[in-house]
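Asks: Got a predicted model here, sequence first, then my questions.
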Amino acid sequence: MLQNLSTADLQAIDAAHHLHPFTDNKGLGAEGARIIVRGEGVYLWDSEGNRILDGMAGLWCVNVGYGRNEIADAVSRQMRELPYYNTFFKTTHPPAIELSERLAEVTPEGFNRVFFTNSGSESVDTAFRMVRYYWIAKGRPEKHVVISRRNSYHGSTLACSSLGGNTAMHAQDGGPIPGIRHIAQPYWFDEGGDMDKEEFGLAAARELEKAIEEIGEDKVAAFIAEPIQGAGGVVIPPDSYWPEIQRICDEHEILLVADEVICGFGRTGKWFGSDTFGIRPDLMTMAKGLSSGYQPIGGVMVSDGFAQTLIEEGGEFYHGFTYSGHPAACAAAIANLDILQREGIVEKVASDTAPYLAEKWARIGEHPLVGEARIKGLVGALELVPAKPDRRHFPDLGSAGTVCRDISFSNGLVMRAVRDAMVVSPPLVISRAEIDEMAELIWKTLDQTQAALKDRGWM
């Protein structure tokens, strides 16, 4: 219906009727939204015909790239056969059964059951309820406090925004809700001071132990964290961090929830961030890469011991969604897993493209505007600073990042700005040649950003 309209006409209709997420809609209405019309591989095209390298895989999710007809065909077949049925009331269907089995095969040992959701936010919300349900089933309802980290992101429902450490979100919704505690994040660049990275990693992990002691072990239900904080700015913890977190949870009988919404399905060079960092969680939340964004679907993987308690002691779990295990979404996820496995994409990331990007990233880290270049698998960040090697930020935190983000997009590259950290998370199918192109565009963008910041007197 809208194919023959101009970009300006499309922008006007969008401004009149569409409220965008995480957007100042007044400002966007004045400026006009970017209209993306097509995708293929690692590239997007806008309504003006401009080709854009998608360095963010949509929102961290298009792992197998755009234009995968086999996923579209799988969804089409399923829509013709059984477009929808619910999984309530002692009912299921073949796509949900098959996907459940496939997920048990690719997740870490000891995970054999999944609760389906429709997004990362719903997955985290489900895990939050499951944790409290678990301790009630154990006859210990007083264990209800969930500990998270400052500057973390776990979704945007009320419970998820409360679990997240984003104070701007809390200011808008009155959060966090009761029963949530936030501790330090393992963000060495911002908070490490004079400590070396491994010393800082231990210190950040031990904030969990301090919080447990203050609250009381008998009241703490769980600790939730992303293996790598994605939307927090790609905060990659020091190697010392996760082993210490695991020790603390094990010794204090605290459930460990790994939020794998971004790290899951190959992003870190292994199937899950838990595999990369040696985490042994009780629950794993997932979404995004489960279908590579082709259909909205998520889930919570439940460890065998946790599941046994729920099944044998919990009774009915009063929780679920109309579209939990939607057949078309499950079909998309199955086809996506087929591609990941058939093409050996996760293994190729580990052995080829991630090491190659790491070499490029180290070179980009030499740019005078970059204070730190951190990378793990195919997810990385560049910290922009006014004067390296000083780790201090620009005075108006986030302004330099916004300038760099807009210049990057004008150069035909999607990078995300998180405060003054420039973040990339490209499709896992990106080739060496496309990594070369991305690196060249990043360097060009940094040069232009540096010039723009000097013109403004910020450097």
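Replies: Cool, got the structure. Numbering: from 1, shown residues only.
Asks: and residue 128, how far is that from residue 392?
Replies: Per CB to CB, to the nearest Å, residue 128 is found 37 Å from residue 392. In this view, the C-beta of every residue, glycine as well, is placed from N, C-alpha and C.
Asks: Quick check on these two: which one has the bigger neighbour count.
Replies: Legend: neighbour count by other CB atoms under 10 Å for residue 128 and residue 392, higher for residue 128 (28 against 10).
Asks: and the nearest residue to the more buried one once chain neighbours are set aside, helix, strand or coil?
Replies: In this structure, residue 128 finds its nearest non-sequential neighbour in residue 159, 5.2 Å apart by CB to CB, 6 or more residues apart in numbering. Three-state assignment for residue 159 (DSSP: H, G, I helix; E, B strand; the rest coil): helix.
Asks: tell me the contacts of residue 159?
Replies: By CB atoms under 8 Å, 6 or more residues apart in numbering, the contact list for residue 159 reads 124, 125, 128, 177.
Asks: thought the first one was touching residue 224?
Replies: Yes: with contacts defined as CB atoms under 8 Å, residue 124 counts as touching residue 224 at a distance of 7.4 Å.
Asks: secondary structure class for residue 116?
Replies: Secondary structure for residue 116, judged by three-state DSSP, is strand.
Asks: so how many other residues sit close to it?
Replies: Count around residue 116 with other CB under 10 Å applied: 26.
Asks: In three-state terms, how would the nearest residue in space to it that is not next to it in sequence be classified?
Replies: Closest residue in space to residue 116, ignoring its immediate chain neighbours: residue 325 at 3.9 Å, by CB to CB, 6+ apart. Classification of residue 325 using three-state DSSP returns coil.
Asks: Look up the pLDDT of residue 325 for me, please.
Replies: If you check residue 325, the pLDDT there is 98.
Asks: Now do the same contact list for it.
Replies: 87, 92, 93, 95, 96, 99, 116 are the contacts of residue 325 under CB under 8 Å, 6+ apart.
Asks: Residue 428 too?
Replies: Contacts of residue 428 (CB under 8 Å, 6+ apart): 57, 63-65, 266-267, 340, 345-346, 348-349, 353, 378.
Asks: And residue 181, its phi and psi?
Replies: Main-chain dihedrals, residue 181, degrees, to the nearest 10: phi -130, psi 140.
Asks: what bridges to it?
Replies: Listed beta-bridge partners, residue 181: residue 147 (assigned using DSSP bridges).
Asks: Which parts of the stretch 301-450 of the chain are helices?
Replies: For the stretch 301-450 of the chain, the helices defined by DSSP state H, counting those that start in this stretch cover 304-313, 327-342, 345-348, 354-364, 399-410, 432-455.
Asks: oh, I was asking about the stretch 1-150 of the chain
Replies: With DSSP H, counting those that start in this stretch as the criterion, the stretch 1-150 of the chain has helices spanning 7-17, 25-31, 57-60, 69-81, 94-106, 120-137.
Asks: what's the least confident stretch among those helices?
Replies: helix 25-31 (a mean of 87).
Asks: Now do the nearest residue to residue 86 once chain neighbours are set aside: how many residues are near it, please.
Replies: Once flanking residues are discounted, residue 86 sits nearest to residue 322: 6.5 Å by CB to CB, 6+ apart. For residue 322, the neighbour count with other CB under 10 Å is 10.
Asks: how about residue 322, phi and psi?
Replies: Main-chain torsions, residue 322, degrees, to the nearest 10: phi -50, psi -40.
Asks: I'd like to know how far the nearest residue to residue 106 once chain neighbours are set aside sits from residue 109.
Replies: In space, and not counting its chain neighbours, residue 106 is closest to residue 271: 5.3 Å by CB to CB, 6+ apart. Residue 271 sits 12 Å away from residue 109, going by CB to CB.
Asks: These two: which has the busier surroundings?
Replies: Neighbour totals were compared for residue 271 and residue 109, and residue 271 leads with 22 against 8 (other CB under 10 Å).
Asks: Secondary structure element for that one, which one?
Replies: Here residue 271, judged by DSSP states H and E, is contained in no helix and no strand.
Asks: residues contacting residue 69?
Replies: Under the criterion of CB under 8 Å, 6+ apart, residue 69 has no neighbours.
Asks: roughly how far apart are it and residue 297?
Replies: When distance is defined by CB to CB, residue 69 is 19 Å away from residue 297.
Asks: which residues sit in contact with the most centrally placed residue in the chain?
Replies: Nearest to the geometric centre of the chain sits residue 262, at 2.7 Å (CA atoms, centre = their mean). Residue 262 makes contact with 60, 226, 228, 230, 231, 288, 379, 425, according to CB under 8 Å, 6+ apart.
Asks: Distance check, residue 212 against residue 309.
Replies: 21 Å.
Asks: ok, these two, which is more surrounded?
Replies: Neighbour count, other CB under 10 Å: between residue 212 and residue 309, residue 212 has more, with 24 against 16.
Asks: in what helix or strand does the more buried one lie?
Replies: Going by DSSP H and E, residue 212 is part of helix 197-215.
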